[in-house]
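Undergrad: Provide a 3D model corresponding to the input given below.
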Amino acid sequence: MLHGPKRNQKRAKQLRRAMTLPEILLWRELKKRPAELRFRHQHPAGEHYVLDFFCPRHKLAVEVDGEAHERGDRPERDAVRDAWVSSQGVRTLRIPAVEVLNDLDAVVRYIVVTALGDYPSTAFGGPPPPPGEE
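TA: Numbering: from 1, shown residues only. Now for the predicted structure:
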């Protein structure tokens, strides 16, 4: 399981107190344990990262991305972070914050389906269709 050093654990604790509205709304639903899934919020991962939500059993990180993730060097930084998380055997699911605000139930269903391994081919830019079905 992913862990972080003490200073990153302190940072995660601070982030728990400063969650965005989409993160708060999603956390309210995820802590109800949909489909018996257990998530942690603002979970320290390694030296530098804190995952918005983490399901250890299914090795799934869920990141809620606001507008800032589309600007400047953020896409590159997110790609580096996702690559590191992947190298630890954890999948990353990025959800636009606006989707959480617009249709929270659909977002929760998508997270559950992804965690359980039954991937949809459309919602939120899911995985591409198998070769030959494009």
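
Undergrad: could you use CA atoms for every contact and neighbour count after this?
TA: Noted.

Undergrad: any idea which element Arg81 lies in?
TA: Arg81 belongs to helix 74-87 when elements are defined using DSSP states H and E.

Undergrad: make that Val62, sorry
TA: Using DSSP H and E, Val62 sits within strand 60-65.

Undergrad: pLDDT (mean, whole number) over that strand?
TA: Average pLDDT, strand 60-65: 92.

Undergrad: repeat that for stretch 40-50.
TA: Stretch 40-50 comes out with an average pLDDT of 84.

Undergrad: hang on, the earlier thing: can you mark which positions in the strand holding Val62 are buried?
TA: In terms of neighbour count (16 or more other Cα atoms under 10 Å), strand 60-65 has its buried residues at 60-65.

Undergrad: same deal with stretch 109-120?
TA: Using 16+ other Cα under 10 Å as the test for burial, stretch 109-120 gives 110-112, 114-115.

Undergrad: picking up where we left off before, quick check: the farthest pair among the buried residues of strand 60-65?
TA: Leu60 and Asp65 (15.7 Å; Cα to Cα).

Undergrad: quick one: low-confidence ranges for the protein?
TA: Along the chain, segments meeting pLDDT under 70 span 1-16, 18, 67-73, 118-134.

Undergrad: for it, what spans make up the strands?
TA: Counting by DSSP state E, one finds strands in the chain at the ranges 40-45, 49-55, 60-65, 91-96.

Undergrad: mind listing what's buried in stretch 78-88?
TA: Of the residues in stretch 78-88, 78, 81-82, 85 count as buried by neighbour count, 16+ other Cα under 10 Å.

Undergrad: in TSV: the strands of the chain, plus distance to Thr20.
TA: What follows is the strands of the chain, written out as TSV (distance: least, Cα to Cα, whole Å):
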stretch	distance to Thr20
strand 40-45	12
strand 49-55	10
strand 60-65	9
strand 91-96	12
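
Undergrad: so which of these is nearest Leu25?
TA: Of all those, it is strand 60-65 that lies closest to Leu25, at 10.9 Å by Cα to Cα.

Undergrad: pairing partners for that closest one, with directions?
TA: Based on DSSP bridges, the pairing partners of strand 60-65 within the sheet are strand 49-55 (antiparallel), strand 91-96 (parallel).
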